[in-house]
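1. sequence-free structure coming up:
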């Protein structure tokens, strides 16, 4: 489940958007749209793209919106400014697609708002081959503002679909998680939490068990294969990121006590049933607000983007690890994802002094002491490899 907000330019007020997203994510119901299976309908011919002949390496998969299309491109870590277009995805004017690259780095799953209207949009689940540009529509009529999640073996994608129950009349949203084969086929319901305020797919643990976060009147609860593991917080949470080995979950708690404050936290999933399993993140000083989380491969603690107005940055924060050169001498970073070798990090870099006064945002690729702005692109979708 996700919020049905128009996905226009992300330039502007971070704080207003964050407050709105946090509140709406916890309170909004899923649109009353009946989902439909479309059975792997190909929408493009699948001719080879330029990416198929690119040299080996890591590539940031990014997108920009041009009216009724998203332009999907790959930016090589070796030279991020030289991005190569691989596909164009249609959607409603003024909206944008959310996506995730498969673990094997070959496919891109997208939820594109391509039906309905501005007031009541509906989305489709698409899979795009990064090498051929071929697009396959797998599912239609789903909530358009969610991000799909891949299985560990890149064979299937999980999204939420609405289901009608009496819970919607009380303001809650009845949803179910469905697994859809990437090659096309019948969706399989893998978990149905019923009427909740929010339901978000997180990923899969090393054993292939499905992980999700449910937000309801108790706060935020981590669920594995339909069984509750631990109440993460009595508050709304966001920015959930699994560690590369699938044993830890980093997230941000939206603490409303005394005003909205974003607290970085980490939970050990294997020990989540033990009392006190979740604690304040090792990567941030106690009391320091943060947004965004990313895991460097092999690291024992996540990277968080810290509010620079609160004082010195903490070890492991995106600001501490990625802030380099004169171009990044001010502002703050919200980390989005590391490359497979841990060398590259994509961030949203904000020019302002704090979360409360964020300034303007630009997508950047950080590689050691080099930082490249991708001014034409607004969204990071993951890393691909060749």
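-> Thanks, I have the structure now. What you see is a predicted model, and the numbers here were worked out from it, not measured in a lab.
2. Show me the beta-bridge partners of the closest residue to residue 152 other than its chain neighbours.
-> Leaving aside its sequence neighbours, residue 152 sits nearest to residue 204 (CB to CB, 6 or more residues apart in numbering; 5.0 Å). Quick note: C-beta positions are derived from backbone N, CA and C, even for glycine. Beta-bridge pairing for residue 204 (DSSP bridges): residue 210.
3. cool, residue 364 as well?
-> residue 347, residue 373.
4. Kindly report the same for residue 70.
-> With DSSP bridges applied, residue 70 shows beta-bridge pairing to residue 65, residue 89.
5. unless I'm mixing things up, residue 209 is touching residue 224, no?
-> Yes. If you go by CB atoms under 8 Å, residue 209 and residue 224 touch, sitting 5.1 Å apart.
6. Tell me how far the residue nearest to residue 152 lies from residue 117.
-> Noted for residue 204: a distance of 35 Å to residue 117, by CB to CB, to the nearest Å.
7. Compare those two and say which is more crowded by neighbours.
-> Under the criterion of other CB atoms under 10 Å, the comparison of residue 204 against residue 117 puts residue 204 first, with 21 against 8.
8. Tell me who's in contact with that one.
-> The neighbourhood of residue 204, defined by CB atoms under 8 Å, 6 or more residues apart in numbering, consists of 149, 151-152, 210-211, 246.
9. Check residue 380 too.
-> Residues near residue 380 by CB under 8 Å, 6+ apart: 60-62, 336-337, 346, 363.
10. Could you check what's spatially nearest to residue 215, not counting adjacent residues?
-> residue 198 (3.6 Å).
11. One more: residue 270?
-> In space, residue 270 is closest to residue 247, 5.7 Å off (CB to CB, 6+ apart).
12. Do I have it right that that neighbour meets residue 268?
-> Yes. Using CB under 8 Å, residue 247 is in contact with residue 268, at 6.8 Å.
13. Show me which positions of stretch 137-154 end up buried.
-> Buried residues in stretch 137-154, counted by 16 or more other CB atoms under 10 Å: 137-152, 154.
14. That stretch: end-to-end distance?
-> Its first and final residues considered, stretch 137-154 spans 16 Å by CA to CA, to the nearest Å.
15. after the helix or strand where residue 157 lies comes which helix or strand?
-> For residue 157, the element it lies in under DSSP states H and E is strand 156-162. The helix or strand immediately downstream of strand 156-162 is strand 173-181, counting by DSSP H and E.
16. Tell me the strands beside that following strand, with direction?
-> Using DSSP bridges, the strands paired with strand 173-181 are strand 156-162 (antiparallel), strand 188-196 (antiparallel).
17. okay, those strands in JSON lines with distance to residue 100 and mean pLDDT next?
-> As requested, these are exported to JSON lines (distance: least, CB to CB, whole Å; pLDDT from 0 to 100):
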{"stretch": "strand 156-162", "distance to residue 100": "8", "mean pLDDT": "94"}
{"stretch": "strand 188-196", "distance to residue 100": "17", "mean pLDDT": "91"}
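18. Residue 51 belongs to a helix?
-> Yes. Membership of residue 51 in a helix is supported by DSSP: H, G, I helix; E, B strand; the rest coil.
19. Give me the pLDDT value at it.
-> At residue 51, the pLDDT value in this model is 86.
20. What is the burial count for it?
-> The number of residues packed around residue 51, counting by other CB under 10 Å, is 23.
21. From residue 82, how far out is it?
-> Residue 51 is 12 Å from residue 82, by CB to CB.
22. now swap in residue 191 and tell me
-> Counting by CB to CB - residue 191 and residue 82 are separated by 42 Å.
23. cool, and residue 148?
-> For residue 148, the distance to residue 82 equals 28 Å [CB to CB].
24. got it, and residue 68?
-> Distance from residue 68 to residue 82, by CB to CB: 26 Å.
25. circling back to that earlier point, and which of the contacts of residue 380 is nearest residue 129?
-> Nearest to residue 129 among these: residue 61, at 12.2 Å, using CB to CB.
26. helices and strands of the protein: which one has the lowest mean pLDDT?
-> strand 278-280 (a mean of 39; mean pLDDT, DSSP states H and E).
27. and after that strand, which helix or strand comes next?
-> Remark: after strand 278-280, the chain's next helix or strand is strand 290-294, criterion DSSP H and E.
28. Next, the buried residues of that next one.
-> 290-294.
29. Would you mind giving the residues you listed as JSON lines with pLDDT and distance to residue 353 added?
-> Output for the buried residues of strand 290-294, formatted as JSON lines (pLDDT from 0 to 100; distance: CB to CB, whole Å):
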{"residue": "290", "pLDDT": "93", "distance to residue 353": "16"}
{"residue": "291", "pLDDT": "94", "distance to residue 353": "15"}
{"residue": "292", "pLDDT": "96", "distance to residue 353": "17"}
{"residue": "293", "pLDDT": "96", "distance to residue 353": "22"}
{"residue": "294", "pLDDT": "97", "distance to residue 353": "22"}
